[in-house]
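In: can't give you the sequence, but here's the structure:
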């Protein structure tokens, strides 16, 4: 009973177990309850602050016995309480201790204990539960398995400051998913916890505040409710604002800022609200300052990045606040050369946080530069910024790589940066490297950045092409992730824009017509659009058109027919008609249309479509077909006249849209010449 | 320009007075440590300290450019009326850009006295500025550094000087832009400079609420400084400190004669008390007598217990006798009380249950002037006033601080026989102060003469008496207002219902025999004064004391007369404290409790910090630590 371990393990561990530890466990089995109680109390005193003793007692099987005593209705209340205290003490040890406790089903036993009326016992149970639940090794789901637990915990909130502290701490650590948020919300978490923000106990205030931050995160329903909550006649948002006052503890300022950030992002507070612009944002910028602890700086930067991500005005304000852009440069200076010399503890601490700091800074830079060209310029002009991004792209930590590529992506939206700093620092090299077997989330960002680097005016386009990017992009188009397919085909489209014949042939070869047509029937409209865009870019300038159409004409015409007949949006059809227009520009290619009466009928009907854009595209196609100065133009004109095109063109010259009118007149002139 | 001119017409405008009041209130709240008599705060731009191309209007708050503005040689600046006092700790002002004019070459910043005004702030030595056209900061140099965004019409630019770490940061529309300058010299003036026609800016030195939340920034530094004080490292001297603190508390208790508390404290902390218990009890008894207004008995007891003390301290004796005379008028001294028809208990009261608790206001004069202390001067009303005007900071502490010692001795003071009758005297106290404040009931000179006729030198009295009515009212107001206010508050709430049952008070309790005894005592006192004058030469303090005391007889209702303040039982405290100090000195014990000395020294240090420009003094105020 005392020891339930497997035999081989027992031998190895037992050798370390001292006789005294065994003595403590043995006393738990004494028939005299008074002696058992004394034994538990002695055990309590023996394990405080002694991790080895804790491990020993766990190995010797003290836990099941303590749990048994704790649950036994015949045990005295004092004994049960002391058992809970000892268990709480054991939980304070290593992660392995927690695992052993959880394996012994300590959680249901303690939750059961909460049904007791005695406050001291309840507090001891909650304290132990708290310690177990805040450990990363404990599955949080265990809190939600029994549906009666949450309402009971809510009811215990009124019992004492300790129950308040422990319960709110459990909630804030166990609320990890939207489902958890809704369970807590539906059981009145907001009404029950809001008054605790005014608690005289700092610990209770803090835990309550943390609860609100996890409840509000990405949860519109909770956030919308929170903005209307009154605490002591004051709006909750104002309570949070007060908690951000600069003489409050940093932890409180930071957590209150998180609450308001989450409420804002969930749409409950406008981004131009004073409490965001004048209070939350400056508070978070302060959290990034050098005076703060490394952990606080990481959290501050991440929260700030999240707050201003969608709002250019917030980005502009942040960019001028307290030299934030320059302040972030400091995030890359850990571990500093000083810390290595100063003391080993500091170095260890710095090393631990160095990755976190870098990724947080990259995230914040990415957010800052998301929309405003001036801010991007300011960022790239920060000391060694591009070098830092380049080295960040190849860091071992996936988190840093992702953040670095996000930052690069944000900056790559700037035409000027693409032309200058991006090229100067050859960012495409590490980016290409990053694209080889990276996880999907990195790939999405990296390929999206690549799209921008492949824009026609980007000087990086050439070297990237030479590095054999085509195969890679083609493989992306086969991905399961729509985002990756879009980025792959988008990059190819950009690449094909005004490209050499060689490049175009290479793209068609590498992609393969089969894949191309598969993409033309992609369920994702975005993928379809970019694929059509690619086709259009491929089919430009006459020699290219003829060459591609001579080898793939049949399939392309089929695909075009299919799309024109299918259920698609205006943009898709317009793009398709433009492709047809390009085909009509080719020497030999235009015969593919002229010989296809069915297609000509389609074009004719689009000329009479209710949408001007489609009419324009169709007219453009016709005008290409009947263009003078080309061999056989007379026959084509005659054929189309017979089919009734001239009448339609004539009608279109009276169109209200000036563009369409012009285009129709140009086409008509071909007949007159 | 018509609009600009309108500003000067508004001088008598009530709206302006309102603004002035708001300015004063805001400045007081922001910079409580600044003594404006020594170091006035900037309140407007100086019409004298500006370049000729600068025009001022709207009470010298609006600045406009009136030069040619061809090039940088046409730049012009203006400084505020006063430099920023270091005691601000953190100083802040804002400038609103009303119009950027032609090119918006505006500079906002700081400069020392004497810096060339034909320039924008920042271009010269001891000059610092943030310029609107390029957003650069200029630190005593013609070339700027990239600092912040540009600013233009409609923007509000703030400039914050941190006098603790000597840095400066700017704000734009309420957003902090980060540190612009470090290692700033002292005594900088708020400065703005303009360079092209049409440029107009308005200053806000506190006339209006600031756009930036400067008080929040200040609160951070207050917390920082308080944290620094709280965490001041004392290292291995921890035990030593504890012993020092314990002996300070103990000596304080002993000094004021809180015998039982002192004994209990000594037992708990296992420390020894220097003075033996019986001696403390003796002092306690004498103090109680004085505070109860039974000065005659107190003199007797002193002479009996400490023979020679008063003989060697004629000044102290004289002061006691003067007080005894006042108490006779009051009807509380035993020499007249024995004649009284009314119950003695109703008269020999001392208001407020913490009767023995010392009041910081009363003891402060000692600690400020420890070195030059003389018994007479330190207890006289005049010196108190002086100290209060000189150290305005401490006056507020006097009303709040006694609470802690008083709570300790509560039980002891209850044991005095005077507690029962407190309500009665409280009412009288209230009346006294009321009458005194109104300054009414001045008796015609004829009556005055009649009353004074019993004494010699009556002609002199007459003249002097007129002088007193003015003199007393303004000389002691600050101190007395403070003391009485507090008093009234406590008593009114406690004993309001009893006020109505109060009978009108009469001279010497209304007894004829007692009045005669009082007159006779007055003659003796007069004789004593003359004797002292012969032995030790003229003593203006004595003369004043005597005249004040005798003046009471010049009024039909002494309690409601310009010198009636003397009858306030609170006035017994200074006499009591002087006597107590003398007794302690006789036994070779310090005449001042070390705790009060330390408090006084701390206060002086903070004052000194302001003078040597240590800005942190603003947030190291003694009041924040005295509860």
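Out: Noted; the coordinates are in hand. Source: prediction; values computed, not measured.

In: burial measure for the closest residue to residue B:279 other than its chain neighbours, as a count.
Out: Distance criterion C-beta to C-beta, 6 or more residues apart in numbering or on different chains; nearest residue to residue B:279, sequence neighbours excluded, is residue B:587 at 6.8 Å. No exception for glycine: its C-beta is placed from N, CA and C like everyone else's. Residue B:587 has 12 neighbours, counted by other C-beta atoms under 10 Å in any protein chain shown.

In: can you check the one 3 residues further on too?
Out: As a burial measure, residue B:590 scores 14 neighbours (other C-beta under 10 Å).

In: sec struct for it, please.
Out: coil (DSSP: H, G, I helix; E, B strand; the rest coil).

In: residues contacting it?
Out: Under the criterion of C-beta atoms under 8 Å, 6 or more residues apart in numbering or on different chains, the neighbours of residue B:590 are B:251, B:255, B:584, B:597.

In: let me know the pLDDT of it.
Out: According to the per-residue confidence, residue B:590 scores 79 in pLDDT.

In: how near is it to chain A?
Out: 39 Å (C-beta to the nearest C-beta, to the nearest Å).

In: buried stuff in stretch A:297-316?
Out: Buried positions in stretch A:297-316, judged by neighbour count with 16 or more other C-beta atoms under 10 Å in any protein chain shown: A:297-309, A:311, A:314-316.

In: now do the same end-to-end measure for that stretch.
Out: One end of stretch A:297-316 to the other measures 20 Å (C-alpha to C-alpha, to the nearest Å).

In: is it anywhere near chain B?
Out: No. Stretch A:297-316 stays clear of chain B (C-beta under 8 Å from any C-beta of the partner chain), getting no nearer than 8.8 Å.

In: which residues sit against that stretch?
Out: With C-beta under 8 Å, 6+ apart, stretch A:297-316 has contacts from A:254, A:257-258, A:261, A:264-265, A:271-272, A:276-277, A:280-281, A:284-289, A:292, A:318, A:328, A:331, A:353, A:356-357, A:360-361, A:363-364, A:366-372, A:375.

In: helix, strand or coil for residue 246?
Out: Assuming you mean chain A. Applying three-state DSSP: residue A:246 is coil.

In: if you skip the residues just before and after it, what's nearest to it?
Out: residue B:220 (3.5 Å).

In: need the pLDDT of that neighbour.
Out: With respect to pLDDT, residue B:220 scores 94.

In: what are the buried residues along stretch A:56-72?
Out: Buried residues in stretch A:56-72, counted by 16+ other C-beta under 10 Å: A:56-67, A:69-70.

In: identify those among the contacts of stretch A:297-316 that sit within helices.
Out: Applying DSSP state H to these, the entries found in helices are A:254, A:257-258, A:261, A:264-265, A:281, A:284-287, A:318, A:328, A:353, A:356-357, A:360-361, A:363-364, A:366-368, A:375.

In: doesn't the residue nearest to residue A:246 lie inside a strand?
Out: No. Residue B:220 is assigned helix when assessed by three-state DSSP, not a strand.

In: ok, it - how many residues close by?
Out: Neighbours of residue B:220 using other C-beta under 10 Å come to 16.

In: quick one, what contacts the spatially most central residue of chain A?
Out: Nearest residue to the geometric centre of chain A (C-alpha atoms, centre = their mean): residue A:441, 8.2 Å. Neighbouring residues of residue A:441 by C-beta under 8 Å, 6+ apart: residue A:402.

In: got a list of what the residue of the stretch 551-673 of chain A found nearest chain B touches?
Out: Using C-beta to the nearest C-beta, the closest approach of the stretch 551-673 of chain A to chain B is made by residue A:571 at 39.7 Å. By C-beta under 8 Å, 6+ apart, the residues touching residue A:571 are residue A:529.

In: around chain A, which positions in chain B sit nearby?
Out: With C-beta under 8 Å from any C-beta as the criterion, chain B meets chain A at residues B:148-149, B:172, B:174-179, B:213, B:216-217, B:219-220, B:222-223.

In: among the residues you listed, which lie within strands?
Out: B:172, B:175-179 (DSSP state E).

In: with pLDDT, distance to residue A:92 and neighbour count added, can I get the residues you listed in TSV?
Out: Below are those laid out as TSV (pLDDT from 0 to 100; distance: C-beta to C-beta, whole Å; neighbours: other C-beta atoms under 10 Å in any protein chain shown):
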residue	pLDDT	distance to residue A:92	neighbour count
B:172	97	50	23
B:175	96	45	23
B:176	97	42	22
B:177	97	47	21
B:178	95	43	19
B:179	96	44	17
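
In: thinking again about what came up before, redo the buried residues of stretch A:56-72 as TSV? Include secondary structure, pLDDT and distance to residue A:210.
Out: Converted to TSV, those look like this (DSSP: H, G, I helix; E, B strand; the rest coil; pLDDT from 0 to 100; distance: C-beta to C-beta, whole Å):
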residue	secondary structure	pLDDT	distance to residue A:210
A:56	helix	88	34
A:57	helix	90	32
A:58	helix	91	30
A:59	helix	89	35
A:60	coil	88	37
A:61	coil	88	36
A:62	helix	91	33
A:63	helix	92	29
A:64	helix	93	33
A:65	helix	93	35
A:66	helix	93	30
A:67	helix	94	29
A:69	helix	93	33
A:70	helix	92	29
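
In: look at residue 127 and report its pLDDT.
Out: With no chain named, the answer covers chain A. 96.

In: switch to chain B, that's the one I care about
Out: On pLDDT, residue B:127 comes in at 96.

In: in stretch A:238-246, what counts as buried?
Out: Applying 16+ other C-beta under 10 Å to stretch A:238-246 flags A:239-241, A:243-246 as buried.

In: do the same with stretch B:508-521
Out: B:508-511, B:514-515, B:517-518, B:521.

In: packing partners of the host helix or strand of residue B:56?
Out: Per DSSP states H and E, residue B:56 falls inside strand B:54-57. Judged by 3 or more C-beta pairs under 8 Å, 6 or more residues apart in numbering or on different chains; DSSP states H and E, the packing partners of strand B:54-57 are helix B:2-9, strand B:45-50, strand B:62-65, strand B:76-80.

In: and the next element down the chain from the first one?
Out: What it means is helix B:2-9. helix B:14-30.

In: just to revisit the earlier point, quick check, the residue of the stretch 551-673 of chain A closest to chain B in a helix?
Out: Yes. Looking at residue A:571 with three-state DSSP, it is inside a helix.

In: what does the helix or strand encompassing residue B:283 rub up against?
Out: For residue B:283, the enclosing helix or strand under DSSP H and E is helix B:277-291. Applying C-beta under 8 Å, 6+ apart, the contact partners of helix B:277-291 are B:254, B:256-259, B:262-263, B:273, B:295, B:297-298, B:301-302, B:305, B:320, B:323, B:350, B:355-356, B:416, B:569, B:572-573, B:575-576, B:579-580, B:583-584, B:587.

In: pLDDT weak spots in the chain?
Out: Since you didn't name a chain, this refers to chain A. A:1-18, A:337-342, A:673 (pLDDT under 70).

In: that was the other one, I meant chain B.
Out: In chain B, residues with pLDDT under 70: B:1-16, B:337-505, B:627.

In: tell me the phi and psi of the nearest residue to residue A:40 once chain neighbours are set aside?
Out: Leaving aside its chain neighbours, residue A:40 sits nearest to residue A:82 (4.4 Å; criterion: C-beta to C-beta, 6+ apart). Backbone geometry at residue A:82, expressed as degrees, to the nearest 10, gives phi -60, psi -40.

In: next one: residue A:522
Out: Residue A:522 adopts backbone torsions of phi -70, psi 140, taken as degrees, to the nearest 10.

In: thanks a lot, catch you later.
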